[in-house]
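# everything below, folded, please.
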Amino acid sequence: MAATPAEPMREAMAFTTDAFHRGRFHLVQPAGKGHRAGLDAMLLAGAAPEGFSGLLADMGAGAGAAGFAVAARCAGAHVVLVERAAEMTACARESLALPENDALASRITVVEADVELSGRERQGAGLADRSFDFVVMNPPFNAARDRATPDTLKRQAHVMEDGLFERWLRTAAAIAKPGAGLAIIARPGSIVEILSALAGRFGSPEVLPIHPRPQVEAIRIVVRARKGARGGLRLQPPLVLHGESHGFTQRAEMVINGRATLFGD
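Alright, predicted model coming up:
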């Protein structure tokens, strides 16, 4: 049997195949290194409105969890996974080849490229200007002073560089159509930098805090905005992940499993 492009990678890394949305799609992910998708990606995917139809870019997609989740929930969505790490794009391509994902594979494309490319380089990679109806991003948001990891692949996915939101949102604004939606998941402490980078590009921002439990401060925010909109900032009711028990709240469970949208639209 001829070797596939992913086989050399498999010799050096271990992988798992994980079910999401209660088995509606499966994802191949590194087992011992790199970023493993989970809650953040599912919450980000929930920011796309119900019944979204059009072309969506998942910037910094990793193995593709958020993009797969949008495609699984929205039958009219076509998704482009944009990721620079060859190991992670190989995972995404293997996921597309899984029989469990047959219903989604024709609507998902993988682009191996740095989201910070500009001009002709970006267009040459397959990210045409003013071509996307929605853009989602889960950029690295750990500070460099946070606990370091010797795993280079994981560090690239987790550690935020100075000016990252400005550079990523510049790309998002270039590839988004007029009126296109945008959603970002980040730490609450990044809100000022995000709003500054949105200015002049995406307007009418909505901020939805994510709290682990009632009466506990938010651990994430999801910011949603629209290209060219002019409305002011709105603070949405929070999502609380866990109640008094250890399980997820009903609303959180529905969003995480693709049964409800994060913003309720």
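
# show the residue spans covered by the strands in the stretch 51-200 of the chain.
Secondary structure of the stretch 51-200 of the chain by DSSP state E, counting those that start in this stretch: the strands cover 53-59, 76-83, 108-112, 132-137, 176-186.

# would TSV of these with distance to Gly163 be doable?
The C-beta positions use only the backbone N, C-alpha and C, and glycine is treated the same way. As requested, the strands of the stretch 51-200 of the chain are exported to TSV (distance: least, Cβ to Cβ, whole Å):
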stretch	distance to Gly163
strand 53-59	16
strand 76-83	19
strand 108-112	23
strand 132-137	15
strand 176-186	14
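
# which one of those strands is the most hemmed in?
strand 132-137 (a mean of 25; mean count of other Cβ atoms under 10 Å).

# kindly export it (C-alpha atoms) in PDB.
Only the C-alpha atoms of strand 132-137 are listed here, as PDB (Å, rounded to 0.1, in the frame of the first residue of the first chain):
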ATOM      1  CA  PHE A 132     -16.200  35.000   3.700                       C
ATOM      2  CA  ASP A 133     -19.600  35.500   5.300                       C
ATOM      3  CA  PHE A 134     -18.300  34.700   8.800                       C
ATOM      4  CA  VAL A 135     -15.000  34.400  10.500                       C
ATOM      5  CA  VAL A 136     -14.300  32.600  13.800                       C
ATOM      6  CA  MET A 137     -11.000  32.600  15.600                       C
END
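
# distance between it and the chain's centre?
Put simply, strand 132-137 sits 9 Å off its chain's centre (Cα atoms, centre = their mean, to the nearest Å).

# got any ranges where the stretch 151-265 of the chain has weak pLDDT?
Along the stretch 151-265 of the chain, segments meeting pLDDT under 70 span 151-160.

# residue boundaries of the helices in it?
Along the stretch 151-265 of the chain, counting by DSSP state H, counting those that start in this stretch, helices occupy 152-158, 164-175, 191-198, 250-256.

# so which of those is the most surrounded?
helix 164-175 (a mean of 20).

# next, the angle from that helix to strand 53-59.
Helix 164-175 runs at 150 degrees relative to strand 53-59, counting by axes from the mean of the first three to the mean of the last three Cα atoms, to 10 degrees.

# packing partners of helix 164-175?
strand 53-59, helix 119-124, strand 132-137, strand 176-186, helix 191-198, strand 202-211 (3 or more Cβ pairs under 8 Å, 6 or more residues apart in numbering; DSSP states H and E).

# quick one: closest of these to His246.
When those are compared for distance to His246 using Cβ to Cβ, the nearest one is strand 202-211, at 15.5 Å.

# hmm, who's touching that closest one?
Strand 202-211 has contacts (Cβ atoms under 8 Å, 6 or more residues apart in numbering) with 43, 169, 172-173, 176, 182, 188, 191, 195, 198, 217-241, 262-263.

# neighbouring strands - and their directions - for that strand?
Within its sheet, and counting by DSSP bridges, strand 202-211 is paired with strand 220-227 (antiparallel), strand 234-235 (parallel), strand 239-240 (parallel).

# which residues are contacting the first one?
By that I understand strand 220-227. Contacts of strand 220-227 (Cβ under 8 Å, 6+ apart): 40, 43-44, 47, 173, 176-188, 190-191, 194-195, 198, 201-210, 262-263.

# let's see it at 7 Å
With contact meaning Cβ atoms under 7 Å, 6 or more residues apart in numbering, strand 220-227 is reached by 40, 43-44, 47, 173, 176, 178-188, 191, 194, 198, 201-210, 262-263.

# lovely, talk soon.
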